[in-house]
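Participant: Sequence first, predicted coordinates after that:
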Amino acid sequence: MEILLLEPEVAWGKFKILAWFAALSTVLVYVVLRVEAYMKCKSLTVKSVVLKCSFLPILFLTVGYIEHLDRFYSFAIQPNGNVILNYVFPEGKKVALQPEKAWIDHDRAGCAVYIKAQGERYKSVMSVRASKCRQAVEAI
């Protein structure tokens, strides 16, 4: 039985929004650095521009990867009780595990399913339909 919590395109769309914010932050930081250097009559060094302009994009892209891409969006329960998780990124990544426990984490925007297996926790993408999360936890 396969349960789809959220289409992977939704998670990719959220990540792309954060990627656009990362690109915009690079441009804005560069403009601010140029204006500040002009006002102080100083020249910019390549090293300082690269270090200062890269902080926000790295932050946005890291958060985007952790919160939206490094999550499973669906899973299949095999007859022997094993669960196969389908991840958003990399495309086609599957993790087979023997679940010990599953629970729901509610947020204002929706819910996520956590699965504990072999001492690790696996988290799903945020689903806006709480019924899907309940169905997933009951199935496990």
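Facilitator: Perfect, thanks for sending it. Numbers count the residues shown, from 1 in each chain.
Participant: Residue 33 contacts residue 49, doesn't it?
Facilitator: Yes: judged on C-beta atoms under 8 Å, residue 33 makes contact with residue 49 at a distance of 6.1 Å. In this view, the C-beta of every residue, glycine as well, is placed from N, C-alpha and C.
Participant: buried ones in the helix or strand hosting residue 138?
Facilitator: In the assignment (DSSP states H and E), residue 138 maps to helix 130-139. For helix 130-139, the neighbour count (16 or more other C-beta atoms under 10 Å) marks 132-133, 136-137 as buried.
Participant: what does stretch 14-30 give?
Facilitator: 14-15, 18, 21-22, 25-26, 29.
Participant: could you list every residue that touches residue 61?
Facilitator: 18-19, 22 (C-beta atoms under 8 Å, 6 or more residues apart in numbering).
Participant: What distance do you get for it to residue 55?
Facilitator: 11 Å (C-beta to C-beta, to the nearest Å).
Participant: Please name the nearest non-neighbouring residue to residue 60.
Facilitator: residue 22 (3.9 Å; C-beta to C-beta, 6 or more residues apart in numbering).
Participant: give me every residue that touches the one you found.
Facilitator: Here residue 22 is in contact with 56-58, 60-61, 64 (C-beta under 8 Å, 6+ apart).
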